[in-house]
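> how would this look folded up:
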Amino acid sequence: MTALPKKLYFFYRDGFRSMVVGKTLWKIIAIKLFIMFAVLKLFFFPNHLARNFNTEQERAGHVLENITRPASAR
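Coordinates of the predicted model:
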């Protein structure tokens with residue numbers, strides 16, 4: 001490793017090692033991110049393409065049509 005990345009690595013490693021409250025805060029942040037990206041995706045963002053189209057070609061055609069269609073035609 002070069003000097004700067006090595007120093008940065010040791011700085012963060014030693015800093016996180018000596019944290020008390022910070023570790024709890026990072027755990028809370030990780031839990032919130034998990035809820036936001038995993039749980040909410042399951043309930044609020046269904047897979048529209050998989051549900052409404054049977055083949056990959058149909059899905060690709062639908063996406064291509066919606067991407068290339070002018071905004072006034074939507």
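> going forward, measure contacts between C-alpha atoms and count neighbours the same way
Noted.
> ok now stretch 27-39, how far from the chain's centre?
11 Å (C-alpha atoms, centre = their mean, to the nearest Å).
> Stretch 29-40 now?
That offset, for stretch 29-40, works out to 10 Å (C-alpha atoms, centre = their mean).
> One more: stretch 56-74?
How far stretch 56-74 lies from its chain's middle: 24 Å, per C-alpha atoms, centre = their mean.
> Alpha carbons of it, as PDB, please.
C-alpha atoms of stretch 56-74 as PDB (Å, rounded to 0.1, in the frame of the first residue of the first chain):
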ATOM      1  CA  GLU A  56     -37.500 -11.500 -21.600                       C
ATOM      2  CA  GLN A  57     -38.200 -10.300 -25.200                       C
ATOM      3  CA  GLU A  58     -41.600  -8.900 -24.100                       C
ATOM      4  CA  ARG A  59     -40.000  -7.200 -21.100                       C
ATOM      5  CA  ALA A  60     -37.300  -5.700 -23.300                       C
ATOM      6  CA  GLY A  61     -39.800  -4.500 -25.900                       C
ATOM      7  CA  HIS A  62     -41.900  -2.800 -23.200                       C
ATOM      8  CA  VAL A  63     -38.900  -1.000 -21.700                       C
ATOM      9  CA  LEU A  64     -37.600   0.000 -25.100                       C
ATOM     10  CA  GLU A  65     -41.000   1.400 -26.100                       C
ATOM     11  CA  ASN A  66     -41.300   3.400 -22.900                       C
ATOM     12  CA  ILE A  67     -37.800   4.800 -23.100                       C
ATOM     13  CA  THR A  68     -37.900   5.900 -26.700                       C
ATOM     14  CA  ARG A  69     -41.500   7.200 -26.700                       C
ATOM     15  CA  PRO A  70     -41.700  11.000 -26.600                       C
ATOM     16  CA  ALA A  71     -42.900  12.600 -23.300                       C
ATOM     17  CA  SER A  72     -46.000  14.100 -25.000                       C
ATOM     18  CA  ALA A  73     -47.300  10.700 -26.000                       C
ATOM     19  CA  ARG A  74     -47.200   9.300 -22.400                       C
END
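> hey, C-alpha coordinates of the helix or strand of the chain with the lowest mean pLDDT in CSV?
Within the chain, confidence by mean pLDDT, DSSP states H and E is lowest for helix 40-44 among all helices and strands, at a mean of 83. The C-alpha coordinates for helix 40-44 follow below in CSV (Å, rounded to 0.1, in the frame of the first residue of the first chain):
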residue,chain,number,x,y,z
LEU,A,40,-40.0,-1.7,1.8
LYS,A,41,-39.0,-3.0,-1.6
LEU,A,42,-40.9,-6.2,-1.0
PHE,A,43,-44.1,-4.4,-0.1
PHE,A,44,-44.1,-1.1,-2.1
